[in-house]
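Peer 1: only geometry, no sequence info:
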């Protein structure tokens with residue numbers, strides 16, 4: 001059944017492309033969103049915001065900085081055992097260290113352990129950063145824990161960095177990834193609108209994630225809306 005559903009959705013998308021080429025696709029908003037995104041991607045203007053702004057490590061001890069670098073290097077090789085070993089040696093007294101471990105967990109597909117690391121951060125008195133939330137939203141989404149994703153979405157919008165457009169767009173990128181996993185097509189369309197409103201030039205990844213939400217939800221009419 002899933003294979004048939006996939007084929008049906010691909011057929012719908014092919015029909016939409018054909019309608020668009022023939023000028024038969026109804027226009028709901030300003031046209032050209034996806035085609036402009038492909039153009040920006042080709043020109044190298046895609047700026048990744050997947051995990052939030054770069055964390056400052058000014059207050060991180062030198063030993064932990066070295067261990068964080070070890071975690072990144074191990075994650076690039078998919079060596080979760082080495083990542084976890086390095087994290088265990090850190091002082092764990094700044095959110096930046098936890099964020100590095102969570103980002104590594106995402107890269108190594110260690111979602112459950114990554115969530116455990118976030119919960120440890122959440123239970124501490126340490127101040128979470130934008131990257132803390134962005135990593136956690138993705139980790140919970142990969143595990144299908146929608147209630148936790150929505151809780152974090154509510155929390156992140158009370159933080160001071162939500163007032164800054166670039167930070168807010170990073171948060172919305174994380175949330176778009178989450179809804180692409182759960183099939184919340186209306187939320188995905190709303191996120192795209194809000195991301196553009198706050199100054200983000202939408203890229204192919206953004207559109208693909210929104211379309212994936214439509215695919216999971218089986219909502220071809222929302223996909224049609226995105227294709228103008």
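Peer 2: The structure has been received and is ready for your questions. It should be emphasised that the depicted structure is a prediction, and the values quoted were computed from it without experimental measurement. Residues are numbered from 1 along each chain as shown.
Peer 1: by average pLDDT, which secondary structure element in this structure comes out worst?
Peer 2: Scoring the helices and strands of the chain by mean pLDDT, DSSP states H and E places helix 33-42 at the bottom, with a mean of 46.
Peer 1: pull up the gap between the residue nearest the centre of the chain and residue 90, please.
Peer 2: Among the residues of the chain, the smallest C-alpha distance to the mean C-alpha position (C-alpha atoms, centre = their mean) belongs to residue 174, namely 2.8 Å. With distances defined as C-beta to C-beta, to the nearest Å, the gap from residue 174 to residue 90 amounts to 24 Å. C-beta: built from backbone N, CA, C; applies to glycine.
Peer 1: how about residue 206?
Peer 2: Residue 206 sits 34 Å away from residue 90 when distances are taken as C-beta to C-beta.
Peer 1: neighbour count for these two, which is higher?
Peer 2: Summary of the neighbour comparison: residue 206 and residue 90, criterion other C-beta atoms under 10 Å, with residue 206 having more neighbours (27 against 23).
Peer 1: and residue 194, what does it touch?
Peer 2: Residues in contact with residue 194, defined by C-beta atoms under 8 Å, 6 or more residues apart in numbering, are residue 172.
Peer 1: helix or strand for it, which one?
Peer 2: Secondary-structure assignment from DSSP states H and E places residue 194 in helix 185-197.
Peer 1: same thing with residue 180?
Peer 2: Judged by DSSP H and E, residue 180 forms part of helix 165-182.
Peer 1: which elements pack onto that helix?
Peer 2: Based on contacts counted as 3 or more C-beta pairs under 8 Å, 6 or more residues apart in numbering; DSSP states H and E, the elements that helix 165-182 packs against are helix 130-142, helix 146-156, helix 185-197, helix 204-217.
Peer 1: quick one: mean pLDDT for the first one?
Peer 2: Read that as helix 130-142. The average pLDDT for helix 130-142 rounds to 95.
Peer 1: again with the third one
Peer 2: Summarised as a single mean, pLDDT over helix 185-197 is 85.
Peer 1: quick check: angle from that helix to helix 204-217?
Peer 2: With axes from the mean of the first three to the mean of the last three C-alpha atoms, to 10 degrees as the basis, helix 185-197 and helix 204-217 are set at 160 degrees to each other.
Peer 1: how far does helix 185-197 sit from its chain's centre?
Peer 2: The gap between where helix 185-197 is centred and where its chain is centred comes out at 13 Å by C-alpha atoms, centre = their mean, to the nearest Å.
Peer 1: helix 146-156 and that one, what's the angle between them?
Peer 2: 20 degrees.
Peer 1: what residues sit buried inside helix 185-197?
Peer 2: 185, 187, 188, 189, 190, 191, 192, 195, 196 (16 or more other C-beta atoms under 10 Å).
Peer 1: no further queries at this time; thank you.
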